[in-house]
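In: 3D model of this:
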Amino acid sequence: MKVVDLTHYLSGPYCTKLLATLGADVVKIERPGRGDRMRQFGPFAHQPHLDPPVARGDSNGVETGAWFLYLNTSKQSVTLDLKSEQGKEILLKLVKTADILVENFAPGVMDRLGLGYPRLKQENPALVMTSISNYGQTGPYRHWKAEEINLYAAGGLMNITGETDQEPLKEGAPLAQLGAGQNAFVATMTGLMYAEDTGVGQQIDLSIAEYATNVLENALMQYSYSGQEYSRVGNRGYGRAAWGIYPCGDGYVGIIAGPDQNWPEVANIMEREELADPRYASRQGRLLHADEVDALMLPWLLDHEKVKIFKAGQDHGLGFAFVSTMQDLLEMEQLEARDYYVELDHPVAGKLQYPGPPISPHTSIGAWVYRRAPLLGEHNRSVIVTRLGYSPQEFDAMQSQGVI
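Out: Residues are numbered from 1 along each chain as shown. Below you'll find the predicted structure:
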């Protein structure tokens, strides 16, 4: 499967990363000189003394930005000036034999370049073109700018995130953009199946803000049915006591007290007979006396380590968990047992551990492909000369003219 990747930043590159990890031949088109702007976003491997504003444009920073290294594994990099006629000609030749093109420019940019879907369809009627944008290709917001915080807020997720009676909060990770990338991957694969069956391609229009609205749990439906706003509940899940995130001896743990018949086990684990009081036996009772329950649990929690608390709860049939630090994740016995991490050796960044495939690597198919992220323009010659048939002389001329 051949993919032309015209993406940058987060959402689009995550979509094409998933395609590449499944074995697709992904050619990432980047701007000559600087490439995808995510190359300039730190942290930077082996350069801890540099802040991102200092390192942007630095020759090493272009190759060692952590976000780029993660989002662009298993891809090829070709630099093209898409405003030049020769750059457009090369892109159209790639499109002619491609199955998929993914782009996340602002709506209208591809049309202004003369590379909109109607033009690409002339070259390849079966092409699936996936367009990811902040608010979609149509509508009054289509040209609006946005960062993750805007998209998380506009989609409604921020309204349900945070502590009761305090300001809304953003998720730590760029959930709106990465989730939209996942949706784009699924939609692209569905479009590909249709194209393979019918020979007819299509343009897929995916809005990042709409993805955020799609994962609002039951908040939107609750308001639609009853007119009642979904209130923020913070770490005390759905207002329940003994159901949320609590401090412990070396970090934080998740305490899940349900179902009710298992509540007496909490008193046994924490060696506090008071927790077995009939007043706390039901969810409603624990809610009414939430502060008392928390006060009884905290001394034991603060005196024990998170992994021991986690395993004690699990041993008694309770869904306890712990909040992992990055070091915890790298050393987690569960992930080690499943060979989750992949080590890749980058010629500039060096050997680094990468998160593994989103589905178990223990499959009979053996489909997962992991290669390091490409250097800027690393595959110019192999794609333009070897694949597309330009002569070495034409290649050298285009290079000297800044086309590639």
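
In: contacts and neighbour counts: CA atoms only from here.
Out: Noted.

In: doesn't Val78 fall inside a helix?
Out: No: counting by DSSP: H, G, I helix; E, B strand; the rest coil, Val78 is not part of a helix but strand.

In: where along the stretch 201-350 of the chain do the strands fall?
Out: Ranges of strands in the stretch 201-350 of the chain, per DSSP state E, counting those that start in this stretch, are 202-207, 243-248, 251-256, 321-322, 342-346, 350-354.

In: What strands flank the shortest one, and is each parallel or antiparallel?
Out: Strand 321-322 has these partner strands in its sheet, going by DSSP bridges: strand 251-256 (antiparallel).

In: The partner strand - what's its average pLDDT?
Out: Taken as a whole, strand 251-256 has a mean pLDDT of 93.

In: Could I get the buried residue list for it?
Out: 251-256 (16 or more other Cα atoms under 10 Å).

In: after the lowest-mean-pLDDT helix or strand in the chain, next one along is what?
Out: Using mean pLDDT, DSSP states H and E, the weakest-scoring helix or strand in the chain turns out to be helix 52-55, at a mean of 42. Sequence order places helix 61-64 as the next helix or strand after helix 52-55, per DSSP states H and E.

In: Name the residue closest to the centre of the protein, please.
Out: Centroid-nearest residue in the chain, with Cα atoms, centre = their mean: Leu178, separated by 2.9 Å.

In: Nearest residue to it in space, please, no chain neighbours.
Out: Once flanking residues are discounted, Leu178 sits nearest to Ser11: 5.3 Å by Cα to Cα, 6 or more residues apart in numbering.

In: coming back round to it: any figure for the gap between the residue nearest to the centre of the chain and Ala209?
Out: The spacing between Leu178 and Ala209, counted by Cα to Cα, to the nearest Å, is 12 Å.

In: In the longest helix seen in the chain, which residues are buried?
Out: Counting by DSSP state H, the longest helix found in the chain is helix 175-198. Buried residues in helix 175-198, counting neighbours by 16+ other Cα under 10 Å, are found at 175-185, 187-188, 191-192, 194-195.

In: Run the angle between that helix and strand 202-207 for me.
Out: 170 degrees (axes from the mean of the first three to the mean of the last three Cα atoms, to 10 degrees).

In: where are the low-confidence patches of this structure?
Out: Counting by pLDDT under 70, the ranges of the chain that qualify are 46-61, 237-240, 360-366.

In: what sits against Cys15?
Out: Shown in contact with Cys15 (Cα atoms under 8 Å, 6 or more residues apart in numbering): 181-185.

In: can you do 10 Å?
Out: Cys15 is in contact with 5, 7, 71-72, 102-103, 130, 132, 178-188, counting by Cα atoms under 10 Å, 6 or more residues apart in numbering.

In: all helices for the stretch 101-250 of the chain, in order.
Out: For the stretch 101-250 of the chain, applying DSSP state H, counting those that start in this stretch gives helices covering 109-112, 117-123, 148-154, 175-198, 208-214, 219-226.

In: Now tell me what touches the shortest one from outside.
Out: Counting contacts by Cα under 10 Å, 6+ apart, the residues outside helix 109-112 that touch it are 6, 82-83, 103-104, 115-119, 131.

In: Buried residues, it. List them.
Out: Buried residues in helix 109-112, defined by neighbour count with 16+ other Cα under 10 Å: Met110.

In: same deal with the last one?
Out: Of the residues in helix 219-226, those scored as buried under the neighbour-count criterion (16+ other Cα under 10 Å) are 219-220.

In: and that helix, what does it pack onto?
Out: Helix 219-226 is packed against helix 208-214, with contacts defined by 3 or more Cα pairs under 10 Å, 6 or more residues apart in numbering; DSSP states H and E.

In: again with the fourth one
Out: Contacts of helix 175-198 with other secondary structure elements, assessed using 3+ Cα pairs under 10 Å, 6+ apart, are made with helix 11-21, strand 100-103, strand 128-133, helix 148-154, strand 202-207, helix 208-214.

In: thinking again about what came up before, verify the contact between the residue nearest to Leu178 and Ala209 for me.
Out: No: in this structure, Ser11 is not within contact of Ala209 by Cα atoms under 10 Å, at 11.5 Å.

In: Tell me the spacing between Ala195 and Tyr246.
Out: Taken as Cα to Cα, the spacing of Ala195 relative to Tyr246 amounts to 51 Å.

In: cool, Met38 as well?
Out: Taking Cα to Cα, one finds Met38 at 36 Å from Tyr246.

In: What of Leu302?
Out: Using Cα to Cα, Leu302 is found at 9 Å from Tyr246.

In: quick one: common contacting residues for the two?
Out: Contacts common to Leu302 and Tyr246, judged by Cα under 10 Å, 6+ apart, are Tyr252.

In: When the two are compared, which one has more neighbours?
Out: Neighbours were counted for Leu302 and for Tyr246 using other Cα atoms under 10 Å; Tyr246 has more, 21 against 16.

In: Run through the bridge partners of the more buried one.
Out: With DSSP bridges as the criterion, Tyr246 is bridged to Val253.

In: List every C-alpha atom in stretch 272-282, with coordinates, as PDB.
Out: This file holds the C-alpha atoms of stretch 272-282, laid out as PDB (Å, rounded to 0.1, in the frame of the first residue of the first chain):
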ATOM      1  CA  ARG A 272      -9.100  -0.300  59.700                       C
ATOM      2  CA  GLU A 273     -12.200  -1.900  61.300                       C
ATOM      3  CA  GLU A 274     -13.900   1.500  61.200                       C
ATOM      4  CA  LEU A 275     -14.100   1.200  57.400                       C
ATOM      5  CA  ALA A 276     -16.400  -1.800  57.800                       C
ATOM      6  CA  ASP A 277     -19.000   0.400  59.500                       C
ATOM      7  CA  PRO A 278     -22.500  -0.300  58.000                       C
ATOM      8  CA  ARG A 279     -22.800   3.400  57.200                       C
ATOM      9  CA  TYR A 280     -20.100   2.900  54.500                       C
ATOM     10  CA  ALA A 281     -21.400  -0.400  53.100                       C
ATOM     11  CA  SER A 282     -23.300   1.200  50.100                       C
END
